[in-house]
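A.B. asks: Can you look at this prediction? I've put the sequence above it.
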Amino acid sequence: MTFSFDIALVWLDLAGVFFFAVSGSLLAARKQFDIIGSLLLASLVSLGGGMIRDIILDAGPPAAFSNPAYLAPPLLATVLVYFLFSSVQRFTSLLTLFDAGGLALFCITGTLKALSFGMNPVAAILMGVTTAVGGGLLRDITANEVPQLFDARDLYALPAFVGAALTSALWHSGAFSPATAGAVAAVVFAFRVVAWRRSWHVPLAVRGWHRLGLDTSEYRGRD
């Protein structure tokens, strides 16, 4: 990758860190954590996926420890939620929107970094998905929530798979650019949000099982 491409990748990564950090702070607010807990949860969700990626790739110290800029978005998100949360309405919608933004960006940056380290397309796609869902998984477990990754009423990993696959295809075809990256991010973001609003889901683990206790009309009307 060229130097300019490296810079663009860092900025995409930082934007994803911020979006995920806001989702972590919003969840901390809902759980009535104190501000330190909010900062820690924001840091966990926003930096966790990238740390997993860098460790697997053996890329040296994770970016969160080698580049101080990565520490700024969680701090900014914590401060913003602290001052603005009392006036925020439609909490669930806001959390989902920021989470979808982080998912859309991280599935791209995770795939790109894996490809730059020489991973084959399939491995790079899996790395992109791991980067995208890893932080959210850590956030939900830490906050004692059912991880969205395993929620039968929602689609979470599938939009990340789509984004990672598109990124890999664009990279190998030579068509990847800031414009196409933006288009991929928009597709993933829209897919994630529409799936959430319309309660789209994939089949359960065994054919014939039913989602007990699930009233889909309740989730179509989610705020």
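C.D. replies: That came through fine.

A.B. asks: What residues sit buried inside the host helix or strand of G48?
C.D. replies: In the assignment (DSSP states H and E), G48 maps to helix 35-57. Buried residues in helix 35-57, counted by 16 or more other C-beta atoms under 10 Å: 37-54, 56-57. In this view, the C-beta of every residue, glycine as well, is placed from N, C-alpha and C.

A.B. asks: residue boundaries of the helices in this structure?
C.D. replies: When assigned using DSSP state H, the helices of the chain occupy the ranges 3-30, 35-57, 63-66, 72-84, 91-116, 121-142, 157-173, 178-198, 216-220.

A.B. asks: Buried residues in the fourth one, which are they?
C.D. replies: Along helix 72-84, these residues count as buried under the neighbour rule (16+ other C-beta under 10 Å): 73-74, 76-78, 81.

A.B. asks: List of residues touching stretch 112-127?
C.D. replies: 1, 9, 53-54, 56-57, 59, 110-111, 128, 131, 161, 164-165, 167-168, 171-172, 176 (C-beta atoms under 8 Å, 6 or more residues apart in numbering).

A.B. asks: Do me a favour and get the end-to-end distance for it?
C.D. replies: One end of stretch 112-127 to the other measures 9 Å (C-alpha to C-alpha, to the nearest Å).

A.B. asks: Give me the mean pLDDT for it.
C.D. replies: On average, the pLDDT along stretch 112-127 is 94.

A.B. asks: Equivalent analysis for stretch 134-142, please.
C.D. replies: Per-residue scores along stretch 134-142 average to 93.

A.B. asks: how close does the closest residue to V81 other than its chain neighbours get to S43?
C.D. replies: Once flanking residues are discounted, V81 sits nearest to S25: 3.9 Å by C-beta to C-beta, 6 or more residues apart in numbering. Using C-beta to C-beta, to the nearest Å, we find S25 at a distance of 10 Å from S43.

A.B. asks: And for I108?
C.D. replies: I108 sits 21 Å away from S43, going by C-beta to C-beta.

A.B. asks: mind checking pLDDT for the residue nearest the centre of the chain?
C.D. replies: Centroid-nearest residue in the chain: L103, 2.6 Å away (criterion: C-alpha atoms, centre = their mean). You'll see L103 listed with a pLDDT of 96.

A.B. asks: With Y219 instead?
C.D. replies: For Y219, the model assigns a pLDDT of 39.

A.B. asks: Contacts only, for A143.
C.D. replies: Listed by C-beta under 8 Å, 6+ apart, the contact set of A143 reads 27-28, 31, 41.

A.B. asks: Would you mind giving me the ChimeraX syntax to select the buried ones in the residues you listed?
C.D. replies: With 16+ other C-beta under 10 Å as the criterion, this ChimeraX line picks the buried residues out of the contacts of A143:
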select :27,28,41
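
A.B. asks: which one among the contacts of A143 gets closest to P147?
C.D. replies: Ranked by distance to P147 (C-beta to C-beta), the contacts of A143 are led by L27 at 11.9 Å.

A.B. asks: Any regions of the protein where pLDDT drops low?
C.D. replies: Per-residue confidence for the chain (pLDDT under 70) gives these ranges: 1-5, 86-91, 208-223.
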